[in-house]
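K.L.:
Next input, structure requested:
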Amino acid sequence: MTDDVLVSARGLEVHFPVGGGGLRGRAGGLLRAVDGVDLDILRGETLGLVGESGCGKSTLGNALLRLVPPTGGTVTFDGTDVTSLDRRGLKEMRRRAGMVFQDPFASLDPRRTVAQTVSEPLEVHGLRSGKRERAGRVGELLELVGLDPAVAGRYPHEFSGGQRQRVGLARALAGEPDLLVCDEAIASLDVSVQAQVLNLLRRLQRQLGLTLLFISHDLSAVRHISDRIAVMYLGRVVEIGPAAAVGSDPQMPYTQALLSAVPVPHPAQERARRRIVLTGDVPSPSAVPSGCRFRTRCPYVFEPCDDVDPALQPAGAPGQLAACHLHGVVGTPVTKTPEGVTAEPSSR
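P.N.:
Model prediction:
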């Protein structure tokens, strides 16, 4: 791991036991929420993590901070093995890694004022001594996220959704973190408010030198804010690379399908563009298909896909990786013949 990497995961797994049925109480299988993820988050970058609901995005974000215990693999934060930290070390690591949650109302205690909510990390981590210093810091944090310090005495129900999310952001910044994990932080907000929060996050990243992990199912928002994009499917990162490359020339059929679902603001282009509609349901993470886990929905299946699980390999632009057997011929239906890979519609 280089000095440019703040967070690194290798072979990261989070598996949950699935209860068995029957009168004899036989054990069930495993729900593979995160299933062998290799991922680096570079200092000062915004890494967007995108995928359908249930693909394991939030579980991965929680596992990186050990909010859920990994069942396999390793996570390092600034060179330190997160999985081996004791209680004191874990507390310090979490001070350096703030989190902003999806629901800004559910994540705030309705019985506590804004001042009490934002100042709690200051007290827990001993960052300010005395009520006066903490009150001053709360005012600074509220200004930082675009709120008037005069609102510090109010309660969460007195704010709009966007304002509540700014309070949650101020709380996440109170520990002076290096990493900020935003878990669907704009999903519950109106579209106009989403843009405001995204712009605020970009400004804060530049101003404070933050590293951001931005988790979302909204590829358009991820493209807007991210330096790099990682795409998850069924517990695994299946494509990663520079945001411009992944957003304009995806090398994985699943990423192509996600991108085709993003509306184009130009009416003529919107009518003319090609949409990719995936058939079939997403397999259960407790019954992951053999070989390529996307093969049951992929329109380009050919021989290796049934049995060989593809690893992330260079494909497309520099720094772009895709877990796909097609690689350079993504975008063309293919089949395997004695002469090699040739264009032919798949029957699957």
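K.L.:
Could you pull out the buried residues of stretch 181-196?
P.N.:
181, 182, 183, 184, 185, 186, 188, 189, 193, 194, 196 (16 or more other Cβ atoms under 10 Å). Placement of C-beta: from N, CA and C, glycine included.
K.L.:
now do stretch 89-106
P.N.:
So for stretch 89-106, counting by 16+ other Cβ under 10 Å, buried means 93, 94, 95, 96, 97, 98, 99, 100, 101, 102, 104.
K.L.:
before we move on, back to that, keep only those of the buried residues of stretch 181-196 that are in helices.
P.N.:
Among the buried residues of stretch 181-196, the subset assigned to helices under DSSP state H consists of 193, 194, 196.
K.L.:
And the helices in this protein?
P.N.:
Counting by DSSP H, the helices of the chain are 57-64, 87-95, 114-124, 131-144, 161-173, 191-208, 219-225, 243-248, 253-260, 267-272.
K.L.:
Now that residue 257 has come up, it's in contact with residue 280, right?
P.N.:
No - using Cβ atoms under 8 Å, residue 257 is not in contact with residue 280; the gap is 11.9 Å.
K.L.:
Tell me which of these two has more neighbours.
P.N.:
residue 257 (19 against 9; other Cβ atoms under 10 Å).
K.L.:
tell me the contacts of that one?
P.N.:
Residue 257 is in contact with 276, 277, 278, counting by Cβ atoms under 8 Å, 6 or more residues apart in numbering.
K.L.:
Residue 240 now?
P.N.:
Contact analysis of residue 240 by Cβ under 8 Å, 6+ apart lists 39, 228, 229, 230, 231, 246, 312, 320, 321.
K.L.:
Now pLDDT too, for the buried residues of stretch 181-196, in a markdown table please.
P.N.:
Formatted as a markdown table, the buried residues of stretch 181-196 follow (pLDDT from 0 to 100):
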| residue | pLDDT |
| --- | --- |
| 181 | 96 |
| 182 | 95 |
| 183 | 94 |
| 184 | 91 |
| 185 | 91 |
| 186 | 90 |
| 188 | 84 |
| 189 | 88 |
| 193 | 91 |
| 194 | 92 |
| 196 | 93 |
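K.L.:
which residues touch stretch 162-170?
P.N.:
For stretch 162-170, contacts defined as Cβ under 8 Å, 6+ apart pick out 100-101, 104-105, 107-108, 114, 117-118, 138, 141-142, 144-147, 156, 159, 185-186, 189-190, 193, 196-197, 200-201, 204.
K.L.:
now it: how far from the chain's centre is it?
P.N.:
The gap between where stretch 162-170 is centred and where its chain is centred comes out at 19 Å by Cα atoms, centre = their mean, to the nearest Å.
K.L.:
do stretch 304-316 as well
P.N.:
Using Cα atoms, centre = their mean, the offset of stretch 304-316 from its chain centre is 22 Å.
K.L.:
what's the first-to-last distance across it?
P.N.:
One end of stretch 304-316 to the other measures 20 Å (Cα to Cα, to the nearest Å).
K.L.:
can you check stretch 292-310 too?
P.N.:
Stretch 292-310 end-to-end distance (Cα to Cα) = 6 Å.
K.L.:
before we move on, what about stretch 241-251?
P.N.:
10 Å.
K.L.:
Include neighbour count when you put the contacts of residue 257 into JSON lines, please.
P.N.:
JSON lines is the format used below for those (neighbours: other Cβ atoms under 10 Å):
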{"residue": "276", "neighbour count": "13"}
{"residue": "277", "neighbour count": "8"}
{"residue": "278", "neighbour count": "19"}
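K.L.:
Go through the residues you listed and name the one nearest residue 35.
P.N.:
Nearest to residue 35 among the contacts of residue 257, counting by Cβ to Cβ, is residue 278 at 20.0 Å.
K.L.:
isn't residue 251 right up against residue 327?
P.N.:
Yes - with contact defined as Cβ under 8 Å, residue 251 counts as touching residue 327 (7.0 Å).
K.L.:
which neighbours do the two share?
P.N.:
Common neighbours of residue 251 and residue 327 (Cβ under 8 Å, 6+ apart) are residue 315.
K.L.:
that older thread, want to try JSON lines for the helices of the chain, with distance to residue 30 as columns?
P.N.:
Output for the helices of the chain, formatted as JSON lines (distance: least, Cβ to Cβ, whole Å):
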{"stretch": "helix 57-64", "distance to residue 30": "13"}
{"stretch": "helix 87-95", "distance to residue 30": "25"}
{"stretch": "helix 114-124", "distance to residue 30": "35"}
{"stretch": "helix 131-144", "distance to residue 30": "42"}
{"stretch": "helix 161-173", "distance to residue 30": "32"}
{"stretch": "helix 191-208", "distance to residue 30": "35"}
{"stretch": "helix 219-225", "distance to residue 30": "29"}
{"stretch": "helix 243-248", "distance to residue 30": "30"}
{"stretch": "helix 253-260", "distance to residue 30": "23"}
{"stretch": "helix 267-272", "distance to residue 30": "42"}
